[in-house]
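1. Requesting a structural model of the entry that follows:
(chains A and B)
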Amino acid sequence: MKEYSCGSLRGSDEGKRLTVSGWVHAIRDHGNTYFIDLRDWEGLIQIVTKRDEINEDLNERIRAINRESVIEITGMVKKRPEGTENKKMPTGEVEVEIEELKILNSAQPLPYHFKDMHKASIPIRLKYRYLDLRHPKLQENIKTRARITSETRKFLDSQGFFEIETPMLTKSTPEGARDYLVPSRVHKGKFYALPQSPQLFKQMLMVSGFEKYYQIARCFRDEDLRPERQPEFTQIDLEMSFITQEDIINVVEGLLRHLFKEIKDLDIMSPFPRMTFYEAMNRYGSDKPDTRFGLELVDITDLIPEGISIFKEVYETNGIMSAINIKGKGDISPKAFNKWKSYVQKFKTKELANIKIIDGEAKSPLTKYLPDDVMKSIIERLDGKDGDLIVLAGGKNTNIWRGLGELRLKLASDMNLIPEGQFNFLWVVDFPSFEWSEEDKRWTAMHHPFTSCKKEFLDTFDKNPGEVLANAYDVVLNGYEIGGGSIRIHDPEVQERVFKVLGIPPEIAEQNFSFLIEAFKYGAPPHGGLAIGLDRLVMVMVDEPGIREVIAFPKTKMAVLPLGDAPNLVTDEQLDVLGIELKPEVKLMLEKKKENPNN
RNA sequence: GGAGCAUUGGUCUAGUUGGUCUAGGAUGGGUGACUGUCGAUCACCAGGUCAGGGGUUCAAAUCCCCUAUGCUCCGCCA
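-> Residues are numbered from 1 along each chain as shown, chains lettered A, B, ... in the order given. Below you'll find the predicted structure:
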């Protein structure tokens, strides 16, 4: 074990003869004088030697050292000569003069320029992840992550929670994401599924009487990836019995306050602001609003007179008309505006209109269609002033929210409106229970099928599923959904009615969730919980743009692990034991790849 | 599943409308010089089937098509 670390040496260590070891960060050869910056995970120390003062053999060995080699130096800590201290380094007052040197591992020339790691391409960084992880920033991220999980355990333990593990080899269920499957050798033809979340098991633990459970749980989803999405990710998963939504909110706010205090020494305002789902959508066009900046959506549906042909879609879909005032952008060029137009079209907002306020006058293609007083009241509601630009869109509410919501985010980042170092938490509550799936032509659960609805809908939720509000809540930080949960159903009858609404036939429900429904028949407490996406939380806390930067060994977009070269082929024998054979076309494809890996 | 962008020495990149590219620079590597630097500096040297395949052309890093890989976005992610 090391007695001293490179990064910890200070002026007060002057005169000590000691041994330090680490990686050769940089080498500066001045002929007679030779410097090495030696790095370990606490920082850098300058090592110095003078050719005249040491024997030729040591000299040769020092000069043969490569960057990133691991060496051990024994020597005297000395104050640097006056005028040569480096104030930028915490260890800059001192240096170690070499007496002995051991090369513990000599490094080859590096595959990429790792002091500028962010310039290297992601594939190369992932291939040499162990080098990448040597960077102080990445080391800091991973260490912060460890401190966050540690503090999470400390806090939840102190609140009377117990950490309980649940199985990784479980059963595939039809709802939700695609499962990762694991073939069973003992039961040929059968498969385990890796858990998408410990949902069912934690509910079972509630039935078992563990009234406060948590777990830092790995979850798996076989879906296409995004910068903030990995095929395996980690949740801080918790569940409690005999509680209300308020109890969960209190615990989670307490946890997040604790984490920000311990990790970042920040006092978060509490209680967090709350917003209903509807308000979030209407004001921010998102169920995870970023409230660090304005550019809010303003509903102007009621101002639009009926029967105007260009707003046909608003009436037909019982939709909305919404607008954003973009201050001071009245001089936007048609070309720039068209870019916005095509941007919102990606999100099914078909048309984007504008009103420019120039010299107190509204200039807009809409003047042809809208009476003057309507135009005036729109401007008034949006507080339009000289030089402003108001953008408007109308149509099916979900499309308009999405389009304007995404435009809002794009504008904020383009216009640099997002303040740094600010952490805006909020709760989004009163989510709808169900949403209609055009694709499947059926109702689907917005949160998950075990979510209870607000009691005023309990008797009638089967009749108007679209209007039912759930006991579901999300905690949002700076526009990221960092956690979500709900109060669960604990009545088997209600659960069966929900399955019915979701169009899950009794026999399928029986087949997939029978153990849960059965469990509910033997004394199930009211319960609920929440899961925090650990990767995203850490990402926001260390201010990184993607969760790759907070995971030691992340996968690429194609779910490939470049370092471990996974996934990979297995032998025919391995497959045989499992009773599995590849399809002929798959075999053919693999053969072709083998012959020509570039094709 | 769909769309867009990208792929040039180890790495990061320049490369206009096809010819002046025998592909430029930086960094990394090697050799040498230098008494204090701190991403040291200076000089010299080596290093490239321009992702793979096909096509257009007198002529392709450059234009077209296919494939692979990567990234971004849509779909998907209860």
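2. CA only for contacts and neighbour counts going forward, please
-> Noted.
3. Relative to A:Gly546, how far out is A:Arg488?
-> The spacing between A:Arg488 and A:Gly546, counted by Cα to Cα, to the nearest Å, is 31 Å.
4. So between these two, which is more surrounded?
-> Using other Cα atoms under 10 Å, the more surrounded residue of A:Arg488 and A:Gly546 is A:Arg488, with 24 against 17.
5. Test my guess that that one contacts A:Thr451.
-> Yes. Here A:Arg488 lies in contact with A:Thr451, judged by Cα atoms under 8 Å, at a distance of 4.6 Å.
6. shared neighbours of those two, which are they?
-> Residues touching both A:Arg488 and A:Thr451 (Cα atoms under 8 Å, 6 or more residues apart in numbering) are A:Asn471.
7. Show me what residue of the stretch 151-300 of chain A gets nearest to RNA strand B.
-> Closest to RNA strand B within the stretch 151-300 of chain A is A:Gly176: 3.3 Å, counting by Cα to the nearest atom of the strand.
8. Can you tell me the SS state at that residue?
-> coil (DSSP: H, G, I helix; E, B strand; the rest coil).
9. Quick check: the gap between it and A:Asp222.
-> 11 Å.
10. just A:Ile547 next, same as before
-> Distance from A:Ile547 to A:Asp222, by Cα to Cα: 17 Å.
11. if you count what's nearby, which of the two comes out ahead?
-> A:Ile547 (21 against 16).
12. where's the more buried one relative to A:Arg145, distance?
-> Remark: distance between A:Ile547 and A:Arg145 (Cα to Cα) = 11 Å.
13. which residues are common contacts for those two?
-> A:Val538.
14. just to revisit the earlier point, and the residue of the stretch 151-300 of chain A closest to RNA strand B, how far is that from A:Pro449?
-> Taking Cα to Cα, one finds A:Gly176 at 10 Å from A:Pro449.
15. Who has more neighbours out of the two?
-> It is A:Pro449, of A:Gly176 and A:Pro449, that has more neighbours when counted by other Cα under 10 Å, with 20 against 13.
16. Was I right to think the more buried one contacts A:Glu496?
-> No. Contact criterion Cα under 8 Å: A:Pro449 and A:Glu496 do not qualify, at 9.9 Å.
17. near RNA strand B, which residues of the stretch 401-550 of chain A?
-> Residues of the stretch 401-550 of chain A lying close to RNA strand B by Cα under 7 Å from any atom of the strand are A:Thr444, A:Ala445, A:Met446, A:His447, A:His448, A:Pro449.
18. nearest to A:Leu389, of these?
-> Among those, A:Met446 lies closest to A:Leu389 (Cα to Cα), at 35.3 Å.
19. Look at that closest one and say how many residues are nearby.
-> So A:Met446, with other Cα under 10 Å, has 15 neighbours.
20. ok, the residue nearest to it when sequence neighbours are not counted - contacts?
-> With sequence-adjacent residues excluded and distances taken as Cα to Cα, 6 or more residues apart in numbering, A:Met446 is closest to A:Phe434, at 5.1 Å. Residues counted as contacts of A:Phe434 (Cα under 8 Å, 6+ apart) are A:Trp443, A:Thr444, A:Ala445, A:Met446, A:Pro465, A:Gly466, A:Val468.
21. which of the residues you listed are buried?
-> Among these, those scoring as buried are A:Trp443, A:Thr444, A:Ala445, A:Pro465, A:Val468 (criterion: 16 or more other Cα atoms under 10 Å).
22. So the first one lies in a strand, does it not?
-> Yes. Under three-state DSSP, A:Trp443 sits within a strand.
23. Would you agree it is in contact with A:Phe499?
-> No. Between A:Trp443 and A:Phe499 there is no contact under Cα under 8 Å: 10.0 Å.
24. Run through the stretch 151-300 of chain A and note the low-pLDDT ranges.
-> Filtered on pLDDT under 70, the stretch 151-300 of chain A yields no residues whatsoever.
25. all strands of it, in order?
-> For the stretch 151-300 of chain A, applying DSSP state E, counting those that start in this stretch gives strands covering A:162-163, A:181-183, A:191-193, A:212-220, A:232-241, A:274-276, A:297-299.
26. what does the stretch 301-450 of chain A give?
-> For the stretch 301-450 of chain A, applying DSSP E, counting those that start in this stretch gives strands covering A:320-326, A:353-358, A:361-363, A:389-395, A:425-429, A:434-437, A:442-445.
27. for the second one, packing partners?
-> What that stands for is strand A:353-358. In terms of contacts (3 or more Cα pairs under 8 Å, 6 or more residues apart in numbering; DSSP states H and E), strand A:353-358 is packed against strand A:361-363, strand A:389-395.
28. Excluding sequence neighbours, find me the nearest residue to A:Glu306.
-> Closest residue to A:Glu306 apart from its sequence neighbours, by Cα to Cα, 6+ apart: A:Tyr315 at 7.8 Å.
29. Next, the buried residues of the top helix by length along chain A.
-> Using DSSP state H to define each element, chain A has its longest helix at helix A:136-158. Neighbour counts using 16+ other Cα under 10 Å place A:136, A:138-142, A:144-145, A:148-149, A:151-153, A:155-156 of helix A:136-158 among the buried residues.
30. And for it, what's in contact with it?
-> The contact list for helix A:136-158, computed with Cα under 8 Å, 6+ apart, reads A:41, A:132-133, A:162-163, A:214, A:216, A:255, A:258-259, A:262-263, A:538, A:542, A:549-552.
31. May I see the PyMOL selection of the buried members of these?
-> Here is the PyMOL command that selects the buried residues among these (16+ other Cα under 10 Å):
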select buried, chain A and resi 132+133+162+163+214+216+255+258+259+263+538+542+549+550+551+552
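32. Tell me which of the contacts of helix A:136-158 fall in helices.
-> Using DSSP H, the subset of the contacts of helix A:136-158 located in helices is A:Asp132, A:Leu255, A:His258, A:Leu259, A:Glu262, A:Ile263, A:Val538.
33. just these now: which is nearest A:Asp383?
-> A:Val538 (38.2 Å).
34. residue boundaries of the strands in the stretch 451-599 of chain A?
-> Residue ranges of the strands in the stretch 451-599 of chain A, as given by DSSP E, counting those that start in this stretch, are A:472-477, A:480-487, A:527-533.
35. now those strands as a markdown table including mean neighbour count, mean pLDDT and distance to A:Gln345?
-> A markdown table is the format used below for the strands of the stretch 451-599 of chain A (neighbours: other Cα atoms under 10 Å; pLDDT from 0 to 100; distance: least, Cα to Cα, whole Å):
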| stretch | mean neighbour count | mean pLDDT | distance to A:Gln345 |
| --- | --- | --- | --- |
| strand A:472-477 | 26 | 97 | 26 |
| strand A:480-487 | 23 | 95 | 23 |
| strand A:527-533 | 25 | 97 | 30 |
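36. Understood, closing this out.
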